[in-house]
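In: Fold the following and give me the result.
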Amino acid sequence: MTDGDTPAKADNLVQAVGKEPTVLLVEDDDNVRELLAAVLRASGYDVIELGDGIEALNYLAASSVYHDALPRPDLIISDIQMPTFTGLDLLAGMRESRPRPPIILFTGHNDPELHAEAYRLGADRVLRKPLSPEVLVQVVREVLVARAHEFSASQDSEEPALMIAFEAANLPPAGNPNT
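Out: Numbering: from 1, shown residues only. Sure, this is the predicted structure:
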């Protein structure tokens, strides 16, 4: 975490939205999942942790029906390589979901075809493991800001709360780092 990622920025984000942006984190390795969740929570995000893509699809379906009891994620972060149901399977299963939250996938494999397939299925970003905390937090913010800008541009009325939150927290504009 850099000096710019202060708790005050997280507080501004929470005050503007009324809650932390919610991240659904899907990773089959408990240790990796716990570490990534801790980094995200320290950066002001509410994190829902799940161990595989099937759990994630079930959670998303339930949160659509029981939205008062289960928070809908503002962003999904998922490992690609998981047993039984991969991050690509999760992405394909969500293709028709509307609204679909942005999705960041990560993998330890440097396979251009795998990355291309992830983007073809609709991934917003594909990152390579190991993930540094700084890069993870930067990319999460960039993807959320970009989605808020897209949403704002598609609306004729006021900006969404998420966009206001990121501006209030003085977060950088969305960029496209080499990830």
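In: per-residue confidence for the residue nearest the centre of the chain?
Out: With distances taken as Cα atoms, centre = their mean, the residue of the chain nearest its centroid is residue 75 (3.1 Å). You'll see residue 75 listed with a pLDDT of 95.
In: In contact with it, which residues?
Out: 21-24, 101-104, 140, 143-144, 147 (Cβ atoms under 8 Å, 6 or more residues apart in numbering). Yep, even glycine has a C-beta here, placed from its N, CA and C like the rest.
In: swap the cut-off to 10 Å and go again
Out: For residue 75, the contact set (Cβ atoms under 10 Å, 6 or more residues apart in numbering) comprises 21-25, 40, 45, 101-104, 124, 140-141, 143-144, 147.
In: Please report phi then psi for it.
Out: phi -160, psi 150 (degrees, to the nearest 10).
In: For it, give the beta-bridge partners.
Out: Beta-bridge partners for residue 75, by DSSP bridges, are residue 23.
In: circling back: please flag which of the contacts of residue 75 sit within helices.
Out: 40, 140-141, 143-144, 147 (DSSP state H).
In: Confidence-wise, which of the residues you listed comes last?
Out: Among the ones in helices among the contacts of residue 75, residue 147 has the weakest pLDDT, 80.
In: That one - nearest residue in space that isn't next to it in sequence?
Out: residue 102 (4.8 Å; Cβ to Cβ, 6 or more residues apart in numbering).
In: Give me the pLDDT value at that neighbour.
Out: 94.
In: hang on, it packs against residue 149?
Out: No - applying Cβ atoms under 10 Å, one finds residue 102 not in contact with residue 149, separated by 11.6 Å.
In: So these two - more neighbours on which side?
Out: More crowded of residue 102 and residue 149, by other Cβ atoms under 10 Å: residue 102, with 21 against 17.
In: Residue 126 versus that one, what's the distance?
Out: 12 Å (Cβ to Cβ, to the nearest Å).
In: could the ones in helices among the contacts of residue 75 go into CSV alongside distance to residue 62?
Out: CSV is the format used below for these (distance: Cβ to Cβ, whole Å):
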residue, distance to residue 62
40, 22
140, 23
141, 27
143, 24
144, 23
147, 22
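In: Now, of the residues you listed, which are buried?
Out: For the ones in helices among the contacts of residue 75, a burial check counting by 16 or more other Cβ atoms under 10 Å picks out 40, 140-141, 143-144, 147.
In: Cool, thanks, signing off.
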